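1. Okay, here's the prediction I keep looking at, along with the sequence it came from:
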Amino acid sequence: MTPQALFHIHLFVTLFLTGLIWFVQLVHYPLFKAIPFEEFQAYEQKHIKRTTALTFPLMLVELGTGLGLYLLEGNTIFPPNSLQLNLASIACLWGSTFLLQVPLHRKMEREPRPNHIDLLIKSNWFRTMLWSCRSMFLFILLPLSA
């Protein structure tokens, strides 16, 4: 696979995840507050299963293509360290996801509390902004991939 094709796959997946995180941040997570308390645990279990089935493979593709681009960095036309920065931002997303959001979802699955939902919404702004910045950064690199 050429670096250009790899970059385009990487860009596409990142843009998809950026759109998805905005939907989650502005629509999905705030609607958690509308779920009746007695139904929340069952809902959260389904949410975790379905969301993981969608997001985890896409995040793996984003990580894999980002790593592939980084490993090809010396053979590409991208500015020095740009692909290292790209990979570092992916690492930050994975860190936030698995150190903050996933544990919060697990807490809400065991014992739902309104403050857990509030904390989830607040902490998720980091991922929303980071994915948005990543998309803009990759758009800046896009002309170099032609």
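-> Yep, it's here. Numbering: from 1, shown residues only.
2. Ramachandran coordinates for Asn81?
-> Dihedral pair for Asn81: phi 70, psi 0, per degrees, to the nearest 10.
3. repeat for Ile77
-> The phi/psi pair for Ile77 (degrees, to the nearest 10) is phi -100, psi 10.
4. In this structure it contacts Leu144, no?
-> Yes: assessed by Cβ atoms under 8 Å, Ile77 is found in contact with Leu144 at 5.2 Å. In this view, the C-beta of every residue, glycine as well, is placed from N, C-alpha and C.
5. more crowded one of those two?
-> Between Ile77 and Leu144, counting by other Cβ atoms under 10 Å, Leu144 is the more crowded of the two (13 against 10).
6. residue contacts, the more buried one?
-> Going by Cβ atoms under 8 Å, 6 or more residues apart in numbering, Leu144 touches 77-79.
7. Next: Val61.
-> Contacts of Val61 (Cβ under 8 Å, 6+ apart): 9, 13.
8. thinking again about what came up before, out of the contacts of Leu144, the closest to Ala53 would be?
-> Phe78 (32.3 Å; Cβ to Cβ).
9. And the pLDDT at that closest one?
-> You'll see Phe78 listed with a pLDDT of 83.
10. Gly74 too?
-> pLDDT, read off for Gly74, is 64.
11. No further questions, thank you.
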